[in-house]
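1. no letters, just coordinates:
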């Protein structure tokens, strides 16, 4: 009987992933729902229905595949970022900074008002700053959207993601410094955070310089670029995890440097082709499967408040600063709406702080609830923003 149970467990995840892909395709065609929202909902529902057979964090192969998928999406996301555009129109960068700061302050104040500790309020505020690069790039690619709103969503997401990563690490250092007798430890941790960030950026930069150089030397940029970048991202993700570096910063810097080395992925290879499509299913099914239904219910009230404050602050800032940045207030509002998706990898980051004893707090449950809602509804809101802005081929033809 034990062997039979083990066999079922081994078969469970491939079946869940296949079912999620099938449902995503069916509901996308019939109801025009984003595929990744269906993937997330399927993963969350099935893991909570059959917890004995589906334990995502205990499956090391699944964790590795999800991290590789996340790295590929981060690379392609960064590859779409045009730093020259930010220098030509600095108000876009200013909008990103103000939007992230406003989100931080709004969420921090609400969390404190609700009765959270200062540490948890700061951590929640830092994590809420970030939008999901993976969800944003998938929705934009899935609908082949292009235009001012699409580009601003991409660039604002890049800015608030990097700020969130740094803010999260610095807050942990700040908390350590407040602990009596741990000043030396806090100082060393602060230095460690800076070194890890610099080393991660350096690793991505080296990959971004070396790979285009190799492809040029071989003279096969057009044929081999997509495959070469895919292998490079896989190696970079494995390297950063093995060495304790940040795969987020490394893959983002890799994509930025590679873009400005003038190597094209090619229009036919968006999402890294079939490989990217397969890994996308794995990523979004896995991400939502790490959330527990009981935690979602426990944190629903505070999570809903944080969700409203997070999305509201982003939309208000992007709307008010839209005229000075060169677009209408309507497009500014839609740009803020498109920033709705939040990544479950924020929770995985928060799990690094289990030594602080916060893994079972009300604030933790609130973050779980907010993440689940925006894992499913976030891509739908981004899709709605792109449709309303008429930046998808279907809307442009009407």
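-> Looks like it arrived, so ask away. Treat the numbers as computed from the prediction; the structure is a model and nothing was measured.
2. C-alpha from now on. contacts and neighbour counts both.
-> Fine.
3. okay, now the unreliable bits of the stretch 251-398 of the chain?
-> For the stretch 251-398 of the chain, the stretches flagged by pLDDT under 70 are 261-271, 344-361, 394-398.
4. hmm, try it at 50
-> Along the stretch 251-398 of the chain, the parts satisfying pLDDT under 50 run over 267-268, 351, 354-355, 357.
5. can you check the stretch 1-150 of the chain too?
-> Ranges of the stretch 1-150 of the chain meeting pLDDT under 50: 1-2, 5.
6. cutoff 70 now
-> 1-10, 55-60.
7. now the helices for it?
-> Under the criterion DSSP state H, counting those that start in this stretch, the stretch 1-150 of the chain carries helices at the ranges 2-31, 35-49, 60-79, 83-88, 90-114, 118-129, 133-142, 148-178.
8. okay, those in TSV with distance to residue 375 and mean neighbour count next?
-> Below are the helices of the stretch 1-150 of the chain laid out as TSV (distance: least, C-alpha to C-alpha, whole Å; neighbours: other C-alpha atoms under 10 Å):
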stretch	distance to residue 375	mean neighbour count
helix 2-31	14	15
helix 35-49	7	23
helix 60-79	14	22
helix 83-88	28	12
helix 90-114	18	20
helix 118-129	13	24
helix 133-142	8	22
helix 148-178	15	20
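9. for residue 257, find the nearest of those helices.
-> helix 60-79 (8.1 Å; C-alpha to C-alpha).
10. what helices and strands are in contact with the closest one?
-> helix 133-142, helix 221-243, helix 247-259, helix 273-289 (3 or more C-alpha pairs under 8 Å, 6 or more residues apart in numbering; DSSP states H and E).
11. so which of those gets nearest residue 368?
-> Residue 368 lies closest, by C-alpha to C-alpha, to one member of the helices and strands packed on helix 60-79: helix 273-289, at 9.8 Å.
12. which secondary structure elements does the closest one contact?
-> Counting contacts by 3+ C-alpha pairs under 8 Å, 6+ apart, helix 273-289 is packed against helix 2-31, helix 35-49, helix 60-79.
13. hmm, try it at 6 Å
-> Helix 273-289 is packed against helix 35-49, with contacts defined by 3 or more C-alpha pairs under 6 Å, 6 or more residues apart in numbering; DSSP states H and E.
14. can you state the direction angle for the helix it packs on and helix 2-31?
-> With axes from the mean of the first three to the mean of the last three C-alpha atoms, to 10 degrees applied, the angle from helix 35-49 to helix 2-31 works out at 150 degrees.
15. can you name the residues in contact with helix 35-49?
-> Identification of contacts with helix 35-49 by C-alpha atoms under 6 Å, 6 or more residues apart in numbering yields 20, 24, 28, 54, 284-285, 288-289, 376.
16. again, 8 Å this time
-> With contact meaning C-alpha atoms under 8 Å, 6 or more residues apart in numbering, helix 35-49 is reached by 16, 20-21, 23-25, 27-28, 54-55, 135, 138, 280-281, 284-293, 375-377, 379-380.
17. before we move on, back to that, which stretch among the helices of the stretch 1-150 of the chain comes nearest residue 317?
-> Closest to residue 317 of these is helix 90-114 (C-alpha to C-alpha; 5.6 Å).
18. chain center to that closest one, what's the gap?
-> 18 Å (C-alpha atoms, centre = their mean, to the nearest Å).
19. how about stretch 28-47?
-> Its chain's C-alpha centre and that of stretch 28-47 lie 17 Å apart, by C-alpha atoms, centre = their mean.
20. quick thing: my sequence starts at 33, can you match it?
-> Happy to do that; since the first residue is 33 now, the last one works out to stretch 60-79.
21. picking that back up, single out the most deeply packed of the helices and strands packed on helix 92-111.
-> Mean neighbour count (mean count of other C-alpha atoms under 10 Å) peaks for helix 279-291 among the helices and strands packed on helix 92-111, with a mean of 26.
22. now the angle from it to helix 165-174?
-> Helix 279-291 and helix 165-174 are oriented at 40 degrees to each other (the same axes, to 10 degrees).
23. export the helices of the stretch 33-182 of the chain to TSV and append columns for distance to residue 425.
-> Below are the helices of the stretch 33-182 of the chain laid out as TSV (distance: least, C-alpha to C-alpha, whole Å):
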stretch	distance to residue 425
helix 34-63	16
helix 67-81	18
helix 92-111	20
helix 115-120	24
helix 122-146	25
helix 150-161	30
helix 165-174	11
helix 180-210	13
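24. what does stretch 269-288 rub up against?
-> With contacts defined as C-alpha under 8 Å, 6+ apart, stretch 269-288 is touched by 99-100, 103-104, 106-113, 194, 228-229, 231-240, 265, 268.
25. residues contacting the most centrally placed residue in the chain?
-> Residue closest to the average C-alpha location in the chain (C-alpha atoms, centre = their mean): residue 164, at 3.1 Å. Shown in contact with residue 164 (C-alpha under 8 Å, 6+ apart): 189, 193, 371, 373-375.
26. nearest to residue 119 among these?
-> Distance to residue 119, by C-alpha to C-alpha, is smallest for residue 189 among the contacts of residue 164, at 16.9 Å.
27. which ones are touching the closest residue in space to that closest one that isn't next to it in sequence?
-> Nearest residue to residue 189, sequence neighbours excluded (C-alpha to C-alpha, 6 or more residues apart in numbering): residue 163, at 5.5 Å. Residues in contact with residue 163 (C-alpha under 8 Å, 6+ apart) are 189, 192-193, 371-375.
28. cool, residue 176 as well?
-> 424-425.
29. what of the one 10 residues further on?
-> In this structure, residue 186 makes contact with 109, 112-113, 165, 168-169, judged by C-alpha under 8 Å, 6+ apart.
30. what do you get if the cut-off is 10 Å, keeping everything else the same?
-> 109-110, 112-114, 163-165, 168-169, 172, 367, 370-371 (C-alpha atoms under 10 Å, 6 or more residues apart in numbering).
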